[in-house]
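Asks: Got a sequence here, can you model it:
(2 chains)
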Amino acid sequence: MNFFTTELGAMLVVIFVGFLPNEVWRVLGVLFGRRIDADSVWMQWVQAVATALLAAVVARLLLVPSGALVTLPLWLRAGAVASGIAGFLIGRRSVLAGVLVAETVLVVGAWWLGVSP
Amino acid sequence: MNAFPDSHPQDPIRPARWFARGMRGAVSTPGLVLVATFIGFGGLLHDLGFPIFAGILSTLLVWALPAQVILVGGLAAGASLPALAVAVCLSGVRLLPMVVSLMPLMRGPRPRLLSELVCAHFVAVTMWAEGFRLLPKVAPEGRPSYAAGLGFGLTALSMAGTAIGFFLTGALPGPLAVALLLLTPISFAILLVRNARRPVDWLAIGLGTAISPLVANSPGGLDLFWAGVGGGTLAFFIARLLPERRA
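Replies: Numbers count the residues shown, from 1 in each chain, chains lettered A, B, ... in the order given. As a prediction, the model looks like this:
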């Protein structure tokens, strides 16, 4: 973190490493949308990789947390997310229900442990 | 809330009006949940020491929270820029089928490439779900402007959320600060479960999660790359070996 801690450097990184590699898929969707077969073997593989990547992002956010989350034990961080998923599934697949359950478990757990981050 | 006042067919509504109506459509429960997750992202930016205006720019330009988290998290972990670009690119794949499926509703009767590209830029999970809910109620000639307004409204709210989270997180008492930071992982986890339908999806979720701690300290910050490509490829092949099940 040196070049990226300046606004200009970080903006260049956002454009070239964030915006362009990500936007490719939207542009492809517009240009070739009618010709791309979403069920082709290649697209299935790419979808599986994207799903695993997102799961790994969640795992890393919980395993190697940043800021105030560090003060809470791993089992509480993981337990909060697990109960949020359960809340989502039980609460008629409502995203709001899942988020609220997870947050409640986390905050009550932190209070019960007496952790004040 | 989403009622459209009667419009006379002889009196065509100008695109700006459709755009404004789209922006109004952004203020809804899914829109507010989205803003909350961007408040969480703003908190993450603050804790990683990422500059705020570049962070807000990433909300406007990247407009896909997983890619944004991979980018800023990877930079903080010291990942190389090419590896990050690959990880960001792979994470964006899910946008392609979303654009393809929503485009017929956003295109309108007289398609123009530029307006299609603008509408496509705004496609992300919330826009996709809200587009399917709201666009069918909009007259076809107003759809491109309405979709752009809806997307811009969601983006503008999320940019505000990013800034609020960044400046709020230092000032919040402990329990609220942790609650803010949990918003990103919990919303991604729910997103994964919501989109998982076939066995390959569940395998990819399980393997991506399981491989992540094993590769956590990969040299060059390639851990996400290995967990994603390794876990996804493994899930893909295991699913192919499973007996074919017709749902």
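Asks: Run through the neighbouring helices and strands of the lengthiest helix in chain B.
Replies: Longest helix in chain B by number of residues (criterion: DSSP state H): helix B:143-168. Using 3 or more C-beta pairs under 8 Å, 6 or more residues apart in numbering or on different chains; DSSP states H and E, the elements in contact with helix B:143-168 are helix B:15-26, helix B:29-48, helix B:52-61, helix B:95-106, helix B:113-121, helix B:125-134. Placement of C-beta: from N, CA and C, glycine included.
Asks: Put together a markdown table for these, with mean pLDDT on each row.
Replies: What follows is the helices and strands packed on helix B:143-168, written out as a markdown table (pLDDT from 0 to 100):
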| stretch | mean pLDDT |
| --- | --- |
| helix B:15-26 | 93 |
| helix B:29-48 | 89 |
| helix B:52-61 | 97 |
| helix B:95-106 | 86 |
| helix B:113-121 | 94 |
| helix B:125-134 | 87 |
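Asks: The ones you listed: which one's closest to A:Q47?
Replies: helix B:95-106 (7.9 Å; C-beta to C-beta).
Asks: from the middle of its chain, how far away would the closest one be?
Replies: 14 Å (C-alpha atoms, centre = their mean, to the nearest Å).
Asks: What angle do helix B:113-121 and it make with each other?
Replies: Helix B:95-106 and helix B:113-121 are oriented at 120 degrees to each other (axes from the mean of the first three to the mean of the last three C-alpha atoms, to 10 degrees).
Asks: ok so, going back, need the helices and strands packed on helix B:143-168 in CSV (columns: mean neighbour count and distance to B:I164).
Replies: What follows is these, written out as CSV (neighbours: other C-beta atoms under 10 Å in any protein chain shown; distance: least, C-beta to C-beta, whole Å):
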stretch, mean neighbour count, distance to B:I164
helix B:15-26, 19, 16
helix B:29-48, 23, 5
helix B:52-61, 22, 11
helix B:95-106, 21, 26
helix B:113-121, 19, 23
helix B:125-134, 20, 18
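Asks: got the angle for the helix or strand of chain A with the lowest mean pLDDT vs helix B:95-106?
Replies: Confidence across the helices and strands of chain A bottoms out at helix A:41-63, with a mean of 86, counting by mean pLDDT, DSSP states H and E. Helix A:41-63 and helix B:95-106 are oriented at 110 degrees to each other (the same axes, to 10 degrees).
Asks: which ones are touching the most centrally placed residue in chain B?
Replies: The residue lying closest to the centre of chain B (C-alpha atoms, centre = their mean) is B:A64, at 3.5 Å. Contacts here follow C-beta atoms under 8 Å, 6 or more residues apart in numbering or on different chains; on that basis B:A64 touches A:22, B:91-92, B:95, B:124.
Asks: Repeat the analysis, applying 7 Å as the threshold.
Replies: Counting by C-beta atoms under 7 Å, 6 or more residues apart in numbering or on different chains, B:A64 makes contact with A:22, B:92, B:95, B:124.
Asks: Next one: B:G231 from chain A, what distance?
Replies: In this view, B:G231 and chain A are 3 Å apart by C-beta to the nearest C-beta, to the nearest Å.
Asks: Is it correct that that residue is in contact with A:A52?
Replies: Yes. Counting by C-beta atoms under 7 Å, B:G231 touches A:A52, with 3.5 Å between them.
Asks: Which residues are in contact with each of these two?
Replies: With C-beta under 7 Å, 6+ apart as the test, B:G231 and A:A52 both reach B:204, B:207-208.
Asks: how far does stretch B:43-59 sit from the chain's center?
Replies: 16 Å.
Asks: Can you get me the start-to-end distance on it?
Replies: This stretch, stretch B:43-59, spans 14 Å end to end (C-alpha to C-alpha, to the nearest Å).
Asks: For that stretch, which outside residues touch it?
Replies: Contacts of stretch B:43-59 (C-beta under 7 Å, 6+ apart): A:1, A:5-7, A:10-11, A:14, A:18, A:66-67, B:38, B:42, B:68-69, B:71-72, B:76, B:155, B:158-159, B:162-163, B:165-166, B:169-170, B:180-181, B:184.
Asks: which among those residues end up buried?
Replies: Buried members of those, counted by 16 or more other C-beta atoms under 10 Å in any protein chain shown: A:10-11, A:14, A:18, A:66-67, B:38, B:42, B:68-69, B:71-72, B:76, B:155, B:158-159, B:162-163, B:165-166, B:169, B:180-181, B:184.
Asks: mind giving me the domain split of chain B?
Replies: B:15-180, B:196-247 (automatic domain parsing).
Asks: Compare those and give me the one nearest A:G98.
Replies: That would be domain B:15-180 among the domains of chain B, by C-beta to C-beta, at 9.9 Å.
Asks: Might you calculate how far the closest one sits from the centre of the chain?
Replies: 5 Å.
Asks: Which of B:G231 and A:A52 has more residues huddled nearby?
Replies: Between B:G231 and A:A52, counted using other C-beta atoms under 10 Å in any protein chain shown, the more crowded position is A:A52 (35 against 28).
Asks: roughly how far apart are that one and chain B?
Replies: For A:A52, the distance to chain B - C-beta to the nearest C-beta - is 3 Å.
Asks: Contacts only, for that residue.
Replies: Counted by C-beta under 7 Å, 6+ apart, A:A52 has contacts B:204, B:207-208, B:227-228, B:231-232, B:235.
Asks: Tabulate the residues you listed (CSV), appending pLDDT and secondary structure.
Replies: Output for the contacts of A:A52, formatted as CSV (pLDDT from 0 to 100; DSSP: H, G, I helix; E, B strand; the rest coil):
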residue, pLDDT, secondary structure
B:A204, 94, helix
B:L207, 96, helix
B:G208, 94, helix
B:A227, 90, helix
B:G228, 87, helix
B:G231, 94, helix
B:G232, 92, helix
B:A235, 95, helix
